[in-house]
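# Give the three-dimensional model of this entry:
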Amino acid sequence: MTQDQPLALPPVPAPYQLPFHYGALHNIGIDFLVDPVPVRALLAEHHPELAAADFDGRACVSLNYQLYFAQYPFGGGMTQEIEVNIVAHPEQAAHRLAALDYQQYARGFDQTKLLGIARIHVLCDNPLAIDAGRRLYAEPKYPGWFETVMPSLNGPADQQRWSITCKRAEPGAAGADGAGGIERSDHTLFSFEAELAGLAGEPVNNTPITGYGTDPRAGLLAGPMNVYQPYRHHFLEPGSEERVRLTVTDATAPVGRDLTALIGPAPAAGVWTYQSAPVAAHNRAYYLAAKG
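Got it, this is the predicted structure:
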């Protein structure tokens, strides 16, 4: 195929259909500005057609935790996952990008949407979502499970702490319906915490977010994700970095090895959050006067 011929769209294998609609989304991302040398080496291994974004001589590695609900004709499903991403762009499209610093990128100034997330690891607790991510978007997706603490309207009003622990899991055996599960292990891979109480934030219009995957046969593909309300971004100025802590518990696991090599002791540069608004509330009961 020559460059002037139109590209075919990637297939959408059954039983999936696109777009995939989220019923609710709770999301935290943490960005680290790091030495670009190991980032470029790992990116060349996983996504050879991508180049790492350059923010004043630093590359950006981003951890992205999602808790989301989706409604289907047969019912509903809940999914949790963590992406380990490198902010990158197609190497051949570098001439289309404006020179941006990290704060401009985080605020959504790149309206080409070429600055996207190159997925290096995606750990997920839902077998259906693992299969869909692999087949639709060429995500390097595999089982994991999570213990979490996050802000909630059903919790203390002043609680703004996010704590995410990612643990090892393996594919489970298929059940009577043919669907597989995951087998959880108590083995912790890594964790991170972010204490956002009292930390100034601002709404940012940074979507659609372009997610990059590399199909071994068809090559590079991009899948945009729209979020219909602004994210909230917290820039971590000097003195506030201690609010965020990444802990690699198993540095021998592939994800732990890459987190250690790419991030190491680098402080976080920014935190972005999104929590779906409630759609209903069941209110407090009250007593009715007894008859007579």
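# How about the contacts made by residue 53?
Neighbouring residues of residue 53 by Cβ atoms under 8 Å, 6 or more residues apart in numbering: 59-60, 87-89, 105, 115. C-beta: built from backbone N, CA, C; applies to glycine.
# try 10 Å
By Cβ atoms under 10 Å, 6 or more residues apart in numbering, the contact set of residue 53 is 36, 39, 59-60, 86-89, 94, 97, 100, 102, 105, 110, 114-116, 118.
# Narrow those residues to just the buried residues.
36, 39, 59-60, 86-89, 97, 100, 102, 105, 110, 114-116, 118 (16 or more other Cβ atoms under 10 Å).
# Now, these that are in helices?
Among the buried ones among the contacts of residue 53, the members found in helices (DSSP state H) are 36, 39, 102, 105.
# where exactly do the strands run in the stretch 151-292 of the chain?
Using DSSP state E, counting those that start in this stretch, the strands of the stretch 151-292 of the chain run over residues 161-171, 182-195, 202-204, 209-215, 219-225, 231-235, 244-248, 268-275.
# Which one, of those strands, ends up nearest to residue 69?
Judged by Cβ to Cβ, the one of these that comes nearest to residue 69 is strand 268-275, at 12.3 Å.
# in its sheet, what does that closest one sit against?
Here strand 268-275 is paired, per DSSP bridges, with strand 24-34 (antiparallel), strand 231-235 (antiparallel).
# Redo the ones you listed as CSV? Include mean neighbour count and distance to residue 124.
Converted to CSV, these look like this (neighbours: other Cβ atoms under 10 Å; distance: least, Cβ to Cβ, whole Å):
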stretch, mean neighbour count, distance to residue 124
strand 24-34, 21, 14
strand 231-235, 19, 21
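# and residue 64, what pLDDT?
Reported pLDDT at residue 64 in the predicted model: 97.
# Now do the buried residues in stretch 231-251.
Across stretch 231-251, burial judged by 16+ other Cβ under 10 Å covers 231, 233-236, 240, 243-244, 246, 248, 250.
# which of these lies closest to residue 220?
residue 231 (25.6 Å).
# Least confident of the buried residues of stretch 231-251?
On pLDDT alone, residue 240 ranks lowest of the buried residues of stretch 231-251, at 89.
# I figured it was touching residue 197, is that so?
No: with contacts counted by Cβ atoms under 10 Å, residue 240 stays clear of residue 197, the gap being 11.8 Å.
# and stretch 102-112, which residues are buried?
By 16+ other Cβ under 10 Å, the buried positions in stretch 102-112 come out as 102, 105-108, 110.
# now stretch 44-60
For stretch 44-60, burial by neighbour count (16+ other Cβ under 10 Å) applies to 46-47, 49-55, 58-60.
# so residue 256 touches residue 167, yeah?
No: assessed by Cβ under 10 Å, residue 256 is found out of contact with residue 167, at 11.9 Å.
# more crowded one of the two?
Each of residue 256 and residue 167 has its neighbours counted (other Cβ atoms under 10 Å); residue 167 has more, 21 against 18.
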